[in-house]
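>>> Prediction below, plus the sequence it came from.
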Amino acid sequence: MQDRYRCEMERLGPSQEALDRLCTILEEGSEMRHRRRIRRRMAAVLVCAVLMVTVVTAAVPTVREVLLDRLGIFAPYIRTIEGAVCRDQGIEIQVLGALADDLEGYVYLAVRDVDGDRLDECLTLKGRLTTGTKRAPDDGKPAPAVNIVGTGSFSLLSYDPDTRTALLSASVFYGDTAQPSRDAQLSVTGMSTREGDLHAEVSCGSVTGETLESLPVEEEAEVILRSGGEDDPRKFDAMLPRQAVVLAPEQNPMSFEETEDIWISSMGFASDGCFHIRLGLAEGVRPKGGGGFFTSLFLPGADERIYIYQQTLVEGGMDILFPLFHKEDLELLQSCKFRPYGAYARNGRTIEGSWTLDFQMEHYRSLVLDQVGELAGRQVQQMTVSPLSVTMHSNDPGGFHNMVLYAVKKDGSKVAAQPGIGRYANAGIGTGETIWETFNTWSFESPIDLEDVVALELAGERIPI
């Protein structure tokens with residue numbers, strides 16, 4: 001088998017020396033120390049897999065780097081999913097990786113425009129990923145009519161304009177009411193670049209006490225949002241300056257890392273003596289739903305003035321007035337960060353079509369821990385751990401749901417697992433007793449090697465593995 005792969009590799013280009021070097025890297029460079037080490041035969045298979053994915057990933061380093069970062073230690077173990085690619089309307093969709101444990105499944109896919117340049121960093125998909133089945137109820141009730149679980153939510157992780165390729169992910173949560181299955185199907189009926197989602201942050205440290213050029217508010221300017229004055233408009237009007245002005249555009253522009261659709265056009269004090277931020281909006285960009293963006297001046301301490309602002313649409317942008325911040329607040333403003341977020345409409349394209357892919361998931365089974373007993377004053381009925389997550393059934397009345405859990409490695413280092421979706425149920429309702437039946441979950445920030453982990457740590461206590 002190894003010789004056959006070597007012949008194929010030589011035919012495709014790599015020299016014998018380069019192939020040996022790549023085999024060695026794949027064989028010895030992985031962080032995962034399985035008892036069943038990756039042998040040279042497996043390394044050859046992985047070399048082939050890397051080359052098979054080259055069509056989509058090798059020429060798109062941004063997409064590939066993001067995928068490898070997401071997969072963590074599983075990156076060398078993800079096999080190419082043969083046949084999991086289809087094309088319609090000049091758009092190619094390929095499943096690059098699909099892995100799951102007993103808690104959640106993750107699928108990564110590449111979307112590539114092979115006929116034009118119709119995609120960008122605001123790509124959204126319309127479709128559904130289905131994998132997994134509902135668990136049969138423990139109380140003898142009939143099984144649910146719809147037995148398949150799935151999701152219609154896809155997250156854009158990266159877009160490479162040079163190769164017109166986007167990397168997206170989707171996850172299916174099984175929890176304790178569903179279970180994974182090997183079979184999976186991705187069905188996409190359309191995609192669009194007509195919507196954006198703003199989540200940005202910029203420092204206000206560059207603000208000075210200078211009065212910036214200001215313009216009178218034009219009659220056609222539209223006030224689209226008032227925050228802090230919804231209940232009493234007259235009270236809000238009393239907080240506004242007598243002079244109605246907005247900042248002139250492009251006086252001290254700053255870009256957002258997250259998008260080119262929206263940017264800081266001007267920021268500082270206007271001639272009305274108040275602090276303003278003017279956003280620049282690309283052609284066709286406007287907050288969705290006729291409203292504005294939620295904006296916040298994040299300060300080190302509590303200050304209710306940050307929630308009082310007025311947003312006015314102006315030519316080519318939006319002026320945000322903070323009427324209660326003046327020049328005497330300069331030092332405070334310089335220590336804050338401006339955070340706007342919200343959905344917006346934009347110029348883009350909608351592509352309708354039909355893309356359907358059937359493939360199989362890589363499943364990593366969870367380990368059920370032997371320890372069942374008291375933990376931080378709670379009674380734990382069961383805990384499981386996988387390379388991706390931890391689950392717990394207990395009588396926790398609250399608290400575990402916002403605690404970070406850690407996997408403790410043999411060398412003493414720790415890998416954090418953030419709290420995830422869970423469930424709190426009082427089984428004693430109607431009996432006069434409080435009986436908590438709690439299901440908590442945690443997901444690791446990067447996959448772990450269970451053979452390298454000696455314990456879990458939660459609430460200052462350790463659970464041996």
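Sure thing, it's come through.

>>> which neighbours does the lengthiest strand in the chain have in its sheet, and in what orientation?
Identified as the longest strand of the chain according to DSSP state E is strand 178-192. Each strand pairing with strand 178-192, determined using DSSP bridges, is listed with its direction: strand 124-134 (antiparallel), strand 350-360 (antiparallel).

>>> of all those strands, which lies closest to Thr438?
For these, proximity to Thr438 was assessed by C-beta to C-beta; strand 124-134 is nearest, at 20.9 Å. Any C-beta I mention is one placed from the backbone N, CA and C, and that applies to glycine too.

>>> following the closest one, which helix or strand comes up?
strand 148-151 (DSSP states H and E).

>>> Any stretches of the stretch 301-450 of the chain with poor pLDDT?
Applying pLDDT under 70 to the stretch 301-450 of the chain flags the ranges 371.

>>> In it, mark out all the helices, start to finish.
With helices called from DSSP state H, counting those that start in this stretch, the stretch 301-450 of the chain shows them at 330-334.

>>> For it, just list every one of the strands.
309-314, 317-326, 337-345, 350-360, 362-363, 367-368, 374-375, 378-385, 389-394, 405-409, 414-419, 423-426, 436-444 (DSSP state E, counting those that start in this stretch).

>>> helices or strands up against the helix or strand that comes right after the last one?
Looking back up the chat, that one is strand 436-444. Of the helices and strands lying after strand 436-444 in sequence (DSSP H and E), the nearest is strand 453-458. Strand 453-458 makes packing contacts with strand 378-385, strand 405-409, strand 461-464 when contacts are defined by 3 or more C-beta pairs under 8 Å, 6 or more residues apart in numbering; DSSP states H and E.

>>> now those as JSON lines including distance to Ala282 and mean neighbour count?
As requested, those are exported to JSON lines (distance: least, C-beta to C-beta, whole Å; neighbours: other C-beta atoms under 10 Å):
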{"stretch": "strand 378-385", "distance to Ala282": "47", "mean neighbour count": "19"}
{"stretch": "strand 405-409", "distance to Ala282": "43", "mean neighbour count": "20"}
{"stretch": "strand 461-464", "distance to Ala282": "52", "mean neighbour count": "14"}
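
>>> just so I know, which of the strands of the stretch 301-450 of the chain lies nearest Phe269?
The closest approach between Phe269 and any of those, judged by C-beta to C-beta, belongs to strand 317-326 at 7.6 Å.

>>> Could you list the buried residues of the closest one?
317-325 (16 or more other C-beta atoms under 10 Å).

>>> And the nearest residue to Val202 once chain neighbours are set aside, how close does it get to Gly268?
Computed as C-beta to C-beta, 6 or more residues apart in numbering, the closest residue to Val202 that is not its neighbour in sequence is Phe338, at 5.2 Å. Counting by C-beta to C-beta, to the nearest Å, the gap between Phe338 and Gly268 amounts to 12 Å.

>>> Phe359 now?
From Phe359 to Gly268 the distance is 54 Å (C-beta to C-beta).

>>> between these two, which one's more packed in?
Gly268 (24 against 19; other C-beta atoms under 10 Å).

>>> What distance do you get for the residue nearest to the spatial centre of the chain to Ala166?
Among the residues of the chain, the smallest C-alpha distance to the mean C-alpha position (C-alpha atoms, centre = their mean) belongs to Ser155, namely 6.3 Å. Taking C-beta to C-beta as the measure, Ser155 falls 11 Å from Ala166.
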